[in-house]
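Undergrad: with the sequence up front, the predicted model follows.
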Amino acid sequence: MGFLGLFSKEKKEHLDKGLQKTKESFFGKLSRAVIGRSKVDGEVLDNLEEILISSDVGVDTTLKIIERIEKRVSQDKYMNIGELNLILREEVEALLEENGSGEDIPFDFSKKPYVVLVVGVNGVGKTTTIGKLAAQLKNDGKKVCLAAGDTFRAAAVEQLTIWSERAGVPIIKQKQGSDPASVAFDAVKSAVANDIDVVLIDTAGRLHNKVNLMNELSKISKVIRKIIPDAPHEVLLVLDGSTGQNAFQQAKEFTKATEVTALALTKLDGTAKGGVVIGISDQFKIPVKFIGVGEGIEDLQVFDKKEFVASLFGQN
C-alpha cells in the first residue's frame, strides 16, 4: 500500500524493527519490576512510574497514566499482573487519541496547494524528513513542490536540492543568505500556477532559544498569506526522538515561537527513548503525524496510534 494507504504488513515490520530497542528496554524493566508478584499494588505502581519516567515518557504524562491505572485498580478491587500490560496499552492509546495523534490522513488535500511550514533545530533530520515526505507523496500521486527556505545553514539548499532530484519533484531556491520569506513566497506562487497539491517549506534551524526565529517564521507566514490567506495550513515541528528530554525542551521553545500544529519524531530506531512520542504529544496537546523508524525513505511513516502501541507492546 502507498504512504497514505492502509497499514501494510511491510510497514508493520519496519515499525516493529524501529521500536525494538524501546520495547526491549521498557519491558525488560517492567518484567524485573513485577517478577514474583501476583497482583497490582502500590509498590508495582511505584515501579511502573519509575520505568515510565526513565523511558522518557515525562513526569507529568507518567503521573497521569499512573493515576488512571490506580483508578481502574480501585474499581476492580483486584487486578493481576497479567492485566497490567493490557490496561497500560489502553491508557497510552487513549492519551494519543485525545491529542489527535494517528489520524488516517495527515493532510487536508481539499486545500490546494496544501502549504506545510517545516521547523526544527539543525541536526534533527528536518531536511531529510521533507525529502522523504516529498518522495512518498509523489509515489501516492500527489504533485509536490519544495521550498529551500533554510538559506543560512551552509549546504542546506544543496541538501534539499539533492532530495528534490531523488524524489523527482521541483524545488524553488535562491542563493545562500537570501531572504527565506522571499523563497517561500516564490514557491507558493509557483505552486498555485502549476496546480501543485503540497508545498513543503524548509526553514532555518537556528538555535531554538533565539528570538529572531519567531520573527522569521512570522514573516514567512505573513508573505505567503498574500497568496493564500489561510496558509500555512500546517506547521510541522521535527524532533529527534533519540534526544529524549531535550526534545521536550525544543518543543517548548518552538511552541513559544510559532503555532505548531503537528509533530514528526525522527530517529526512533536508534534509541530506547520511544516513550518520548507519548509524552510530547500529551504535554503539548499537538498530534504526532509522522515518525521515523529507519534510514530508508519508506521508514518515514504516517503515525498510526494503534499500530505504534501494538509494536511498543509487542502485539500484532
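TA: The structure has been received and is ready for your questions. Numbering: from 1, shown residues only.

Undergrad: ok, residue 39 touching residue 80?
TA: Yes. Under the criterion of Cβ atoms under 8 Å, residue 39 makes contact with residue 80 at 5.5 Å. Every residue, glycine included, has its C-beta placed from N, CA and C.

Undergrad: neighbour count winner among those two?
TA: Using other Cβ atoms under 10 Å, the more surrounded residue of residue 39 and residue 80 is residue 39, with 14 against 11.

Undergrad: give me the pLDDT for the more buried one.
TA: Reported pLDDT at residue 39 in the predicted model: 79.

Undergrad: which residues sit in contact with the closest residue to residue 225 other than its chain neighbours?
TA: Closest residue to residue 225 apart from its sequence neighbours, by Cβ to Cβ, 6 or more residues apart in numbering: residue 231 at 5.9 Å. Counting by Cβ atoms under 8 Å, 6 or more residues apart in numbering, residue 231 touches 115, 188, 221, 224, 225.

Undergrad: what is the most widely separated pair among the residues you listed?
TA: 188 and 221 (10.9 Å; Cβ to Cβ).

Undergrad: now for residue 194, how many residues are close by?
TA: By other Cβ under 10 Å, the residues close to residue 194 number 11.

Undergrad: same check on residue 83?
TA: Around residue 83 there are 15 residues (other Cβ under 10 Å).

Undergrad: and what of the one 5 residues further on?
TA: Neighbour count of residue 88, defined by other Cβ under 10 Å: 21.

Undergrad: and it, how close does it get to residue 163?
TA: Computed with Cβ to Cβ, to the nearest Å, the distance linking residue 88 and residue 163 is 39 Å.

Undergrad: re earlier: take the contacts of residue 231 and keep only those in helices.
TA: 188, 221, 224 (DSSP state H).

Undergrad: what's the burial count for the second one?
TA: The one in question is residue 221. Based on other Cβ under 10 Å, the number of other residues close to residue 221 is 19.

Undergrad: what about the residue lying closest to it once chain neighbours are set aside, which helix or strand?
TA: Nearest in space to residue 221, with sequence neighbours left out and distances taken as Cβ to Cβ, 6+ apart, is residue 232 at 6.0 Å. Assignment of secondary structure by DSSP states H and E places residue 232 within no helix or strand.
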